[in-house]
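**Student:** got a predicted model here, sequence first, then my questions.
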Amino acid sequence: MPELPEVEVIKQSLDKKIKFQKINKVLVRNRNLRFKVPKNFEFFLKNKKINKILRKSKYLIFHLNNNSFLIIHLGMSGTIHLVSKKNCYKNTNASFYGSSNLPIKHSHILIFLKKHQIIYNDPRRFGFVKILKNKKNLEFFFRNLGPEPFNNKFKIIYLYNYLSGKKKNIKSFLLDQKFVSGIGNIYANEILFYCKINPFKQAKNITKMEIGKIKYFSKFILNKAIKKGGSSIKNFKNAKGNKGNYQNEFKVYDRENLNCLKKDCYGKIKKKIVSKRSTFFCNRCQN
DNA sequence: AAGAGGCCCTGATAGC
DNA sequence: TGCTATCAGGGCCTCT
């Protein structure tokens, strides 16, 4: 589900409330996420304090008080819920239940704080959690991640060198986290629309001018989406349960056969599959 | 090296 | 109504 903007929105909605709170207890109800939740996960987190919440591309990072880190990736369908003790899941010998606005299924990990409960819910279980014991491990873990569009390293010459000579289409490069991190299928489509680049165009044929546009609009779109609270297709909500609004701003994503929204363009939005992902583009102004 | 394709999993929706 | 097929905000792994 969540691309960089959604993860950033979750991060912001978590940050103030749980900063400096101590983890009293952790309950793992299903260890079978993308990677198995390790046996010592609960024990390791117990009594640690959350100093800060960070985000790197699509990863949430809880900075703990002994300079270790809890990493969360939400995969396709993961969500984080932050609820008060009053409304949280209760676990008795006889049963497990939560207040009416909490999901009935797929709440795999619960983190009990003094006043709150953090819930990791993920129907498809493509997400995962990981403990990294120090900064070195953290750096190693992210060693293959390319720069975010917000990063200074994401500059013309970097993009130009990376793309030059590559036969693959530009869309799949925007989805390649080694090239640029944080962009997923929705925003890749939207960015290429703003750039007026056909998603099938081979990377080696992207002009310097187009590279400038990719650099500019990647940042522009992600920023805009963050300001709108992310995109709520399916049931994305921030940790407090509020929906985002960027889905109302989509120019191409999920708009198959609708009219192009560019002024004076009378094209239609087409849908085609590019490297197993739905790809939306205007057949007139993106070619 | 670079690129293509399979796979992990559940749920919503479309079509019969 | 109930079945089956297809598709979803991702990314790792293997094979050529």
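**Tutor:** Yes, it's here. Numbers count the residues shown, from 1 in each chain, chains lettered A, B, ... in the order given.
**Student:** nearest residue to whatever residue of the stretch 101-250 of chain A ends up closest to DNA strand C in space, ignoring adjacent ones along the chain?
**Tutor:** When C-beta to the nearest atom of the strand is the measure, the stretch 101-250 of chain A has its nearest residue to DNA strand C at A:Gly184, with 2.1 Å between them. From N, CA and C alone the C-beta is placed, and that goes for glycine too. In space, and not counting its chain neighbours, A:Gly184 is closest to A:Glu3: 3.6 Å by C-beta to C-beta, 6 or more residues apart in numbering.
**Student:** then A:Leu174?
**Tutor:** Distances taken as C-beta to C-beta, 6+ apart place A:Ala188 nearest to A:Leu174, at 4.0 Å, with adjacent residues excluded.
**Student:** follow-up on the earlier one: correct me, but the residue of the stretch 101-250 of chain A closest to DNA strand C touches A:Lys58?
**Tutor:** Yes - using C-beta atoms under 8 Å, A:Gly184 makes contact with A:Lys58 at a distance of 7.2 Å.
**Student:** who's more crowded, the two?
**Tutor:** Neighbours were tallied for A:Gly184 and for A:Lys58 using other C-beta atoms under 10 Å; the higher tally belongs to A:Lys58 (25 against 21).
**Student:** I'd say that one and A:Ile183 touch.
**Tutor:** No - the pair A:Lys58 and A:Ile183 fails to qualify as a contact (C-beta under 8 Å) at a distance of 9.1 Å.
**Student:** got any residues that touch both of these two?
**Tutor:** Counting by C-beta atoms under 8 Å, 6 or more residues apart in numbering, the common neighbours of A:Lys58 and A:Ile183 are A:3-4.
**Student:** name the residues contacting each of A:Gly184 and A:Lys58.
**Tutor:** Taking C-beta under 8 Å, 6+ apart as the criterion, A:Gly184 and A:Lys58 both touch A:2-4.
**Student:** okay, who's weakest in those by pLDDT?
**Tutor:** For the shared contacts of A:Gly184 and A:Lys58, the weakest pLDDT value sits at A:Pro2, with 94.
**Student:** please report how far the residue nearest to A:Gly184 lies from A:Gly75.
**Tutor:** A:Glu3 is 12 Å from A:Gly75, where distance means C-beta to C-beta, to the nearest Å.
**Student:** who's more crowded, the two?
**Tutor:** Shown here are A:Glu3 and A:Gly75; by other C-beta under 10 Å, A:Glu3 has more neighbours (21 against 18).
**Student:** residues from the stretch 101-250 of chain A in reach of DNA strand B?
**Tutor:** A:105-106, A:123-126, A:166-168, A:172, A:203 (C-beta under 7 Å from any atom of the strand).
**Student:** and the shared contacts of A:Gly184 and A:Lys58, which is closest to DNA strand B?
**Tutor:** A:Pro2 (15.2 Å).
**Student:** residues contacting the residue nearest to that closest one when sequence neighbours are not counted?
**Tutor:** In space, and not counting its chain neighbours, A:Pro2 is closest to A:Leu74: 4.8 Å by C-beta to C-beta, 6+ apart. A:Leu74 makes contacts with A:1-2, A:6-7, A:10, A:58, A:60, A:80, A:122, A:127, as judged by C-beta under 8 Å, 6+ apart.
**Student:** so which of the shared contacts of A:Gly184 and A:Lys58 are in helices?
**Tutor:** Assigned to helices by DSSP state H, the following of the shared contacts of A:Gly184 and A:Lys58 qualify: A:Leu4.
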